[in-house]
Structures are given as C-alpha cells and as structure tokens.
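Sharing a model that was predicted from the sequence below.
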Amino acid sequence: MRFVTGQLLTFTQGARPGGAPWKAASACACRDSVVGLCQQANDEGHTMTMTATAARTNRYAAPCADCGVWIRENAGLLAKNARTGKWETRHDGECPAPVAKGAPAKNAEPGYYVRPADGRAVVVVENKAKTRTYGKVLTYPADGGRPSWVYTPGAGYTVADLRPMTAADAAEMGLSHGYCIKCCAPLGGETLSAAVSALIGYGETCAKNFGFPYPKGVAAQRAFIAENGR
C-alpha cells in the first residue's frame, strides 16, 4: 500500500489481552506513525487491518501539496485529504531537495515562455494598473479545437519557473496542434503566407511581433514553400 501524507486511513484492531477491544481509529498517513502502530500491534501478538482512500496517478499537472514543486501529469499521486476533503497532488516518493534560500525570487517580465516542469506555453502579462504580473497557460480543448490562453493562479510567476520561448518552441507547438500559439488562429489557408505559416508553425504577423524568422516577400515565400515540399 502506498502511504500519502494527509490520506485517510482506518485501522481495525483485534482484541487486546484480557478481552479489552481495540477501538477503530482514523489518522493521517504519516509513514512513521502508521508503521509504529502496526509494529505495536505485532509486538503484542495481535492483528491489525487497514483500509485507505485509494491514491491514483494525477491526470493533470499541479504543484505538490507538500513542497510546491510542479508535478507533470501522470508523474505523481492524487489523493483526498482527510481533514479538508480536497484532492491533492504529491510526488510519488520523496519530494526533491529544497533549493537553498537566497534572494527573493524575481517576478517574470511580460512575455512568452515555456514552463520546463511540463513543457506548457505560458504568457506573462501585467494587470491594468501595471502593479503586478500574472500568467496564462495555453490550453488545448480535448476535442482538438482552437486553443486559448487561460489564467492559472501561480503559473509563471517567477523567472525560476520559466524559460523564454524560442522560435523552435513556437513552431513545434504550432505544428503539433495546427494553431499559431500566439493568436490561436488555425494555420493554413489559400494565400501564399498562409501556406508558409502551415509549414513554419506560426503566422506572419505573429512572427513579426515575436521577432521570429519568417520569409519576407513573394519570392522568398515561394522559395520556402518549394524547398519544404509544397
């Protein structure tokens, strides 16, 4: 059985010497305390059975409830906290060693980034008052439709969580899903530049705004298409 901190465990113990019954009890699954209770019952010559709410693999990326480090989807454990009733994600095993404390984490500047923890695209923007920044994560619907930038609390708040997005990142994401990652418009179409965008992975206007490479002019675009097989 996997023990998950905060997971509800129910112990049912047999009769103690002299016929005095053990009482059923619930406890948080601190590994040491659970092992201690089982060892105590064993030492006294009794049996103890134990049931727990099942921990399962996390379907979605989320911060660890213990250490706060992001856990990629299907890489951790999800279990209900007995005290709060909330589902929490934790590392499957020990949490990574904490980073030595130093200067406060620097807020990320507005811009487009990739979050190394899960490979997701994040855009950092300023609020209207320009007093703080916050992050939106590029989210793809399950039906394969047009993606959108969705506000996610805590996403991309500090520089340590992110790395600047490159043209190769934008192209890979765009080609994988068929949408420009900046404006979320579908790639492809009847025009010459649309055909180039379908091959390069992002749109012409967005490439200009990003500062990403894009063939300029009719001759260059036709040459690009011919070179890349269309």
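Nice, thanks for sending it over. Residues are numbered from 1 along each chain as shown.

End to end on stretch 126-135, go ahead and measure it.
With Cα to Cα, to the nearest Å as the measure, the ends of stretch 126-135 fall 9 Å from one another.

Name the residues of it that are buried.
133-135 (16 or more other Cβ atoms under 10 Å). Every residue, glycine included, has its C-beta placed from N, CA and C.

Would you format these as CSV with distance to residue 112 included?
Shown next, in CSV, are the buried residues of stretch 126-135 (distance: Cβ to Cβ, whole Å):
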residue, distance to residue 112
133, 13
134, 14
135, 11
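
Let's have these in JSON lines, adding distance to residue 209 and pLDDT.
Below are the buried residues of stretch 126-135 laid out as JSON lines (distance: Cβ to Cβ, whole Å; pLDDT from 0 to 100):
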{"residue": "133", "distance to residue 209": "19", "pLDDT": "84"}
{"residue": "134", "distance to residue 209": "20", "pLDDT": "85"}
{"residue": "135", "distance to residue 209": "19", "pLDDT": "86"}
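
What is the nearest of the residues you listed to residue 76?
Nearest to residue 76 among the buried residues of stretch 126-135: residue 135, at 20.8 Å, using Cβ to Cβ.

any idea how far residue 176 is from that closest one?
21 Å (Cβ to Cβ, to the nearest Å).

So which residues of this protein form strands?
With DSSP state E as the criterion, the chain has strands at 8-13, 25-28, 48-52, 56-57, 62-63, 70-71, 76-80, 87-91, 111-115, 120-126, 133-139, 148-151, 163-164.
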